[in-house]
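Asks: Let's see this in three dimensions:
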Amino acid sequence: MMPYIENNFFNREYLATELPKIFDNHISDPVFSVFKTLYNKTKFEKLNEAQLEEEFIKPALQALGYAYAYQIQKKAFGKNHKPDFALFADDLLKNNHYNAEKDDTADILALCESKAYGITLDTGKISEKENPHFQIIRYLNDLKINFGFLTNGRLWRFYETSKNRAEKVFFEIDLEKIIEDDNLQYFNYFYFIFRKDAFTTTDLAILKTNSKIFFLNNTLFINSILCISLSGYSKKTKTISPTRNTTAGENSKIYSGYWTKGVKMMIFPF
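Replies: Have a look, this model is predicted:
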C-alpha cells in the first residue's frame, strides 16, 4: 500500500514503477511551491464551501493549468445540473461555452466538485444528496463527461466513468499530508494525474498506423495507460500496436481500446 494514496483505479505496478518515469521535478517543483503557499489547514477548517473555493480550490485549479466555469448550469434528461467547476483547456473555450446550449459539454475536459474542508467525500449513503461520491458520479454520467475530480481541499479524488461499474472506483490522494511532509515525490502523483496536460492534446504525439492517425497522450499515460482523443470515429478496435514513430511507442506493448466520437478513453495494456 502506498502512503498518501487510496486507489483501486490505476494498476499498482503502474503507480509504483511506470508513472514515476515521467515525473519531472523541474516542472512540478514550482507548482508544489504554489500549493504550499496556498495551503493553510488552520484557516481552511473555519471556512465554508464557498470560502474554501475562493481561497484554495480556484487558485489550485489555475495552478494545475485549467480555465474553469463556476457553477455553470447544464441540462441532461430534463434535469438541470450545476457542478461546481467545469474545466477547460483555455479561456477561449471557456468563454465560448457560456454561449453554448445547456446540453453541450463537448469542450469540457473534466468536472470538479468541491466540498468544505470537514466534509467526508464518501459518507457511505446511497443518496447523491447525502454522499458527494454519488453526486460527482451522477454529474459525470448524466452529462456524459468521462473525467471528474472530487475534493474537500485536503483529499482529491480522480474518477473516470466511461464504463459503468457496480463498485466504487477512484484514485484518491492526501494532498494535505503531502504538503505537511514536504514530499515532492508524492506531490508528483497529484500533479501529473490532475494537471490539465493529462487531458489535452497540446503535447500529443501523432502515431500513424495503417494510414489512420491516433493521437496518443505521452504526457501522463506513457507505457501503461494512454489517453486517446479521437474525433469523428465510432469503431470497436481489436488491437492498437504502437510503433517507434513516437515516444509512447518506444515499448512494444499491445493495447486494446474503444474509439468513441469526441470522447477520451483510457487504454490499458494486456
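Asks: C-alpha only now, for contacts and for neighbours.
Replies: Fine.
Asks: looking at this, residue 51 is in a helix?
Replies: Yes. With DSSP: H, G, I helix; E, B strand; the rest coil as the criterion, residue 51 is assigned to a helix.
Asks: What is the burial count for it?
Replies: The number of residues packed around residue 51, counting by other C-alpha atoms under 10 Å, is 13.
Asks: those helices in the chain, which residues are they?
Replies: In chain order, the chain shows helices spanning 12-13, 25-38, 41-44, 49-52, 58-63, 91-97, 132-143, 175-180, 184-194, with DSSP state H as the criterion.
Asks: For those helices, give me JSON lines that also has distance to residue 155 and mean pLDDT.
Replies: Listed next are the helices of the chain as JSON lines, based on distance: least, C-alpha to C-alpha, whole Å; pLDDT from 0 to 100:
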{"stretch": "helix 12-13", "distance to residue 155": "19", "mean pLDDT": "90"}
{"stretch": "helix 25-38", "distance to residue 155": "14", "mean pLDDT": "97"}
{"stretch": "helix 41-44", "distance to residue 155": "12", "mean pLDDT": "98"}
{"stretch": "helix 49-52", "distance to residue 155": "13", "mean pLDDT": "98"}
{"stretch": "helix 58-63", "distance to residue 155": "13", "mean pLDDT": "98"}
{"stretch": "helix 91-97", "distance to residue 155": "26", "mean pLDDT": "92"}
{"stretch": "helix 132-143", "distance to residue 155": "12", "mean pLDDT": "93"}
{"stretch": "helix 175-180", "distance to residue 155": "6", "mean pLDDT": "98"}
{"stretch": "helix 184-194", "distance to residue 155": "10", "mean pLDDT": "96"}
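Asks: Could you pull up the residues touching the closest residue to residue 36 other than its chain neighbours?
Replies: Residue nearest to residue 36 in three dimensions, not counting chain neighbours: residue 179, with 6.1 Å by C-alpha to C-alpha, 6 or more residues apart in numbering. Applying C-alpha atoms under 8 Å, 6 or more residues apart in numbering, we find residue 179 in contact with 35-36, 187.
Asks: so what pLDDT did residue 147 get?
Replies: Here the pLDDT value assigned to residue 147 is 95.
Asks: what do you get for the one 5 residues further on?
Replies: Reading off the confidence values, residue 152 has pLDDT 98.
Asks: And for it, the neighbour number?
Replies: By other C-alpha under 10 Å, the residues close to residue 152 number 21.
Asks: same deal with residue 3?
Replies: Counted with other C-alpha under 10 Å, the burial measure for residue 3 works out to 10 neighbours.
Asks: And residue 177, by the same measure?
Replies: Summarising burial for residue 177: neighbours were counted as other C-alpha under 10 Å, giving 16.
Asks: cool, and residue 79?
Replies: Counted with other C-alpha under 10 Å, residues neighbouring residue 79 total 8.
Asks: Likewise for the one 5 residues further on?
Replies: Applying other C-alpha under 10 Å, we find 21 other residues in the vicinity of residue 84.
Asks: ok, and the closest non-adjacent residue to it?
Replies: Once flanking residues are discounted, residue 84 sits nearest to residue 71: 4.5 Å by C-alpha to C-alpha, 6+ apart.
Asks: Pull up the gap between residue 110 and residue 90, please.
Replies: Residue 110 is 13 Å from residue 90, where distance means C-alpha to C-alpha, to the nearest Å.
Asks: Compare the two (neighbour count), which wins?
Replies: Summary of the neighbour comparison: residue 110 and residue 90, criterion other C-alpha under 10 Å, with residue 110 having more neighbours (25 against 14).
Asks: Tell me what that one is bridged to.
Replies: With beta bridges defined as DSSP bridges, residue 110 has these partners: residue 87.
Asks: Distance of it relative to residue 88?
Replies: Noted for residue 110: a distance of 8 Å to residue 88, by C-alpha to C-alpha.
Asks: what does residue 141 give?
Replies: When distance is defined by C-alpha to C-alpha, residue 141 is 18 Å away from residue 88.
Asks: before we move on, what about residue 108?
Replies: Relative to residue 88, and taking C-alpha to C-alpha, residue 108 is found at 5 Å.
Asks: Looking at these two, which is more packed in?
Replies: Neighbours were tallied for residue 108 and for residue 88 using other C-alpha under 10 Å; the higher tally belongs to residue 88 (24 against 20).
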